[in-house]
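Undergrad: Pasting the sequence and the predicted coordinates here, then a few questions.
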Amino acid sequence: MIITAEQQEELKLILTDYTKYQETYSEVYDHVITALEVQHDSLNMAFADKVRAILDADFGGLSQLPVMEKKRAKIIHDQISKKQLYFATAFFKFPLSIYTAITAVAVYNLASTKLLSVVLLIAICIMLAPTLIVGFRMLHNAYGKAGKPSIKNNMFNLIGIYGVILYNAINPHLITDRLRLKAPDTLHLLLITALVMFYLVFGLSFIRLYRMESKLKVAL
């Protein structure tokens, strides 16, 4: 059957109330449109009834769309989390482990010098990269077209929040200042080095993840 613009808008209204994320909305919309196009116009049914018949047969009905969407969101969240963990652990595997070791030694040697503030500032900026990137994305989306949120965008927003939470939970002043008089020099330098390396790995792994996901989106 040939689907008119008015019928397309009717389908969008039907799906809008039962889907939360853009990924689910687009998938179901495209599926229903394709299914309708292969039907014969001679079917003596109202357009809305045809849509619901397809949804009942292929998705279990409109009421099942939120359930399917929740499962999809969990799968995407798990996939993105695993990807970032993969990029983070890659810094401790050959060949990146060589650069990680060199950086750790350099940080350890600089931790007792006046350059510590510069090193720590760079590490904090990299660690907060998720927050900065997410902030720019949110500003961009605020001035873009209104629509349903993306599951991936929500996940990236969550990772951006993690950056601020981690900074507050593992505050650099706790290690660089408050523990200076309480911990032996060697332990204190090791704690500073571990903190800087943690910040660097978290921020750089997110940047690699974000670049990969952006390339995938462009390719699609």
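TA: Right, received. Where do you want to start? Numbering: from 1, shown residues only.
Undergrad: Return the distance of stretch 154-161 from the chain's centre.
TA: Here stretch 154-161 shows a centroid-to-chain-centroid distance of 5 Å under the convention Cα atoms, centre = their mean, to the nearest Å.
Undergrad: ditto for stretch 62-78
TA: Remark: stretch 62-78 is offset 16 Å from the chain centroid, using Cα atoms, centre = their mean.
Undergrad: who touches Cys125 in this structure?
TA: For Cys125, the contacting residues are Gly203, by Cβ atoms under 8 Å, 6 or more residues apart in numbering. To be clear about C-beta, it is placed using only N, CA and C from the backbone, and glycine gets the same treatment.
Undergrad: helix or strand for it, which one?
TA: Taking DSSP states H and E as the definition, Cys125 sits inside helix 116-127.
Undergrad: packing partners for the helix or strand where Lys71 lies?
TA: Under the criterion of DSSP H and E, Lys71 resides in helix 65-90. Here helix 65-90 is seen to pack against helix 22-37, helix 47-59, helix 151-169, helix 185-219 when contacts are counted using 3 or more Cβ pairs under 8 Å, 6 or more residues apart in numbering; DSSP states H and E.
Undergrad: ok and the helix or strand following it relative to helix 65-90, angle-wise?
TA: Per DSSP H and E, helix 65-90 leads on to helix 96-110 as the next helix or strand towards the C-terminus. Taking axes from the mean of the first three to the mean of the last three Cα atoms, to 10 degrees, one finds helix 96-110 and helix 65-90 inclined to each other by 70 degrees.
Undergrad: export helix 96-110 as CSV, just CAs?
TA: Once side chains and other backbone atoms are set aside, the C-alpha atoms of helix 96-110 remain, and they are given as CSV (Å, rounded to 0.1, in the frame of the first residue of the first chain):
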residue,chain,number,x,y,z
LEU,A,96,50.3,0.9,25.3
SER,A,97,51.6,-0.5,28.6
ILE,A,98,55.1,0.9,27.6
TYR,A,99,53.8,4.4,27.4
THR,A,100,51.8,3.9,30.6
ALA,A,101,54.9,2.8,32.5
ILE,A,102,56.9,5.7,31.1
THR,A,103,54.2,8.2,32.2
ALA,A,104,53.9,6.6,35.6
VAL,A,105,57.7,6.9,36.2
ALA,A,106,57.7,10.5,35.0
VAL,A,107,54.8,11.4,37.3
TYR,A,108,56.5,9.7,40.2
ASN,A,109,59.7,11.7,39.7
LEU,A,110,57.8,15.0,39.2
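Undergrad: and the angle from that helix to helix 185-219?
TA: What separates the directions of helix 96-110 and helix 185-219 is an angle of 140 degrees, with the same axes, to 10 degrees.
Undergrad: thinking again about what came up before, got the angle between the helix holding Lys71 and helix 151-169?
TA: On the basis of the same axes, to 10 degrees, helix 65-90 is oriented at 50 degrees to helix 151-169.
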